[in-house]
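1. The amino acid sequence is not available; the structure is as follows:
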């Protein structure tokens, strides 16, 4: 019998749909993401504790980068480089 490890991460965002779209290319088959109100809910399931830890670590970094880029695009809307 194979045991799996699972965790669910809930993060709150101004626009969780945009964050989910930014993260989608990096999601693996072991991840499921949904939007619930202002929350991004991601469940990760892996066969090993080390694999789960690594995937969660990567995911948290990706969420941080996505939020940083989204915020930068909102605060720097001037696209005229003259």
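-> Thanks, I have the structure now. Keep in mind it's a predicted model, so treat the numbers as computed, not measured. Numbers count the residues shown, from 1 in each chain.
2. For this structure, which segments count as strands?
-> 5-12, 31-36, 39-46 (DSSP state E).
3. Comparing these, which comes out most buried?
-> Ranked by mean neighbour count, those are led by strand 39-46 with a mean of 18 (mean count of other CB atoms under 10 Å). C-beta: built from backbone N, CA, C; applies to glycine.
4. Centroid-nearest residue for this protein?
-> Among the residues of the chain, the one closest to the centroid is residue 63, at 4.4 Å (CA atoms, centre = their mean).
5. Name the nearest residue to that residue, sequence neighbours excluded.
-> residue 11 (6.0 Å; CB to CB, 6 or more residues apart in numbering).
6. Quickly note the distance from the one you found to residue 75.
-> 20 Å (CB to CB, to the nearest Å).
7. Same check on residue 25?
-> 24 Å.
8. so where's the longest helix in the protein?
-> Longest helix of the chain, by residue count under DSSP state H: helix 49-75.
9. Distance from that one to the middle of the chain?
-> 6 Å (CA atoms, centre = their mean, to the nearest Å).
10. the inter-axis angle of it versus strand 39-46?
-> If you take axes from the mean of the first three to the mean of the last three CA atoms, to 10 degrees, helix 49-75 sits at 150 degrees to strand 39-46.
11. Low-confidence bits of the chain, can you list those?
-> Residue ranges of the chain with pLDDT under 70: 77-82.
12. Any chance of the strands of the chain in TSV with distance to residue 67 as columns?
-> Below are these laid out as TSV (distance: least, CB to CB, whole Å):
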stretch	distance to residue 67
strand 5-12	9
strand 31-36	15
strand 39-46	10
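13. just so I know, which of these lies nearest residue 19?
-> strand 39-46 (5.5 Å; CB to CB).
14. check contacts around the residue lying closest to residue 32 once chain neighbours are set aside.
-> Nearest residue to residue 32 in three dimensions, chain neighbours excluded: residue 43, at 4.9 Å (CB to CB, 6+ apart). Residues near residue 43 by CB atoms under 8 Å, 6 or more residues apart in numbering: 6-9, 31-33.
15. any idea what sits nearest residue 28, other than its immediate chain neighbours?
-> Closest to residue 28 by CB to CB, 6+ apart is residue 55, at 7.2 Å.
16. Now do the one you found against residue 17, distance only.
-> 22 Å.
17. Appreciated, that's everything.
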